[in-house]
Structures are given as structure tokens and as C-alpha cells.
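Undergrad: build me a structure from this.
(2 chains)
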Amino acid sequence: AQSVTQLDSQVPVFEEAPVELRCNYSSSVSVYLFWYVQYPNQGLQLLLKYLSGSTLVKGINGFEAEFNKSQTSFHLRKPSVHISDTAEYFCAVRSYSSASKIIFGSGTRLSIRP
Amino acid sequence: GAGVSQTPSNKVTEKGKYVELRCDPISGHTALYWYRQSLGQGPEFLIYFQGTGAADDSGLPNDRFFAVRPEGSVSTLKIQRTERGDSAVYLCASSQTSGVQETQYFGPGTRLLVL
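TA: Prediction:
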């Protein structure tokens, strides 16, 4: 079984400041890792994913995440945030052997202050 | 439309009633997924279809929940004898195939409120 922990339910940040959203996972099997974003009143959108290869993954809107196998983490970062980044961010995993479910964390609400 | 669509966008019903939620996947996508997102939580998997058949229904909470995809395209999630605890946003997603590396594309969801 897999589980995903997002320790920060809310992260307030000033505009143009850097941000890191933390994600840790637990799994007895190898997994793929994802970050999804949910803008207000919109559906979930894939931000980035780690499948294999380089542990540093770059996604849309200037976000990147780093896979750390020893720490079972997949933290999301952005060097300078904008008001438009205000959204809910979900970390998720999917096992190599599962053709079905994605397991999501509980989400982190990123609020940007001007 | 190019994306996954879901109807209705909002549904209010009374406890004990029957509801149907509809999902139109992206054209040509063979895999379809249903998730449920309760307030303050991440989406939770309900059921997955590959073509017309339910390949994994392990996430359905009980036998009041049922889903179909008779022609391998549109899917309907059916909830019998609704309870207040069923109130949530029901999300549908589709992917081109069921490969584990495939991206799942999500619809905007149906917000269900059971009074």
C-alpha cells in the first residue's frame, strides 16, 4: 500500500518570494510521483511528474520538484511566486504495478500575498 | 471540447434519493477513472474502467455505489439511497491508455450535496 503526506495544509508566501511545498510518501513498491494543481473553481491539472532518470523534474509555470529516494520525498519548489500561483497543490503517487489508482495527499493551499 | 466534461456541475438532493453523475472523457481515451474529493482532502480513488469493463472497483465505499461505461466512452456513476456523508466533489479522469506512465486528465467535477 502507498500513502502520501503533505505536512503543510496552508503556506502563505509574499509575491516574488521562493516557496517549497513538502511531500513525503510511503510505499512498499516502486512508485511514480506527481504534483497536481487545482486553481479556484477549476479541475486538477498535472504540474509535473517523475517517472525515471534525472531526479530533478521541471514542470509548467516555473515549478520544479526533486525526487529523493532515501528520504522518500518529492518536494515542490518555485524560486519566485506570482499571485496567479494561488491554488491547492496535491502530491500523488502511483505504483509501478497499478494501472488504476493514483494516491493523493491531502493538499497544500498556497496563498500569495502582494 | 478537448477536455473531460462532467454533468451536472452541481447536484443537490435529499437523503435517500438516487443520483446519477455523468462523465464524458477525452475522445479516444480508453481508460476512465472516478475519484471522490471530500472537503479539505485529496481525491480518493473509486473505480477504474478499461474500455467497457470495470478493471478495479476496490475504491467503491459500499454497494450503494455503482458505475457503468456501456460503450467504452461515457460513464455514469450511480449512487442509491444517498446519505449526507456522500456529499463531496466527484471527479472523473481519463487517459489514452491504462499504462502506468500515462497522464490522467481530470474534469471539473460534480459537486454533490445531500441534505
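
Undergrad: residue of chain A nearest chain B, please.
TA: residue A:104 (3.2 Å; Cβ to the nearest Cβ). (C-beta placed from N, C-alpha, C; glycine too.)

Undergrad: where does the residue lying closest to that residue once chain neighbours are set aside sit: helix, strand or coil?
TA: Once flanking residues are discounted, residue A:104 sits nearest to residue B:42: 3.2 Å by Cβ to Cβ, 6 or more residues apart in numbering or on different chains. Using DSSP: H, G, I helix; E, B strand; the rest coil, the structure places residue B:42 in coil.

Undergrad: can you tell me how far residue B:42 is from residue A:26?
TA: The span separating residue B:42 from residue A:26 equals 15 Å under the rule Cβ to Cβ, to the nearest Å.

Undergrad: who's more crowded, these two?
TA: Using other Cβ atoms under 10 Å in any protein chain shown, the more surrounded residue of residue B:42 and residue A:26 is residue B:42, with 22 against 13.

Undergrad: beta partners for residue A:73?
TA: On the basis of DSSP bridges, residue A:73 is bridged to residue A:24, residue A:68.

Undergrad: still on that earlier bit, against residue A:98, how distant is the residue of chain A closest to chain B?
TA: Counting by Cβ to Cβ - residue A:104 and residue A:98 are separated by 13 Å.

Undergrad: just give me the neighbour total for residue 22.
TA: You didn't pick a chain, so chain A it is. Taking other Cβ under 10 Å as the neighbour definition, residue A:22 ends up with a count of 16.

Undergrad: sorry, I should have been clearer: chain B.
TA: Using other Cβ under 10 Å, residue B:22 has 14 neighbouring residues.

Undergrad: pretty sure it sits against residue B:73.
TA: No: under the criterion of Cβ atoms under 8 Å, residue B:22 is not in contact with residue B:73, lying 11.2 Å apart.

Undergrad: what sits against the closest residue to residue A:8 other than its chain neighbours?
TA: Leaving aside its sequence neighbours, residue A:8 sits nearest to residue A:108 (Cβ to Cβ, 6+ apart; 5.1 Å). With contact taken as Cβ atoms under 8 Å, 6 or more residues apart in numbering or on different chains, residue A:108 is in contact with A:6, A:8, A:9, A:10, A:11, A:21, A:22, A:88, A:89, A:90.

Undergrad: can you redo these as CSV with pLDDT?
TA: Formatted as CSV, the entries for these read as follows, by pLDDT from 0 to 100:
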residue, pLDDT
A:6, 97
A:8, 94
A:9, 95
A:10, 96
A:11, 97
A:21, 98
A:22, 97
A:88, 96
A:89, 98
A:90, 97
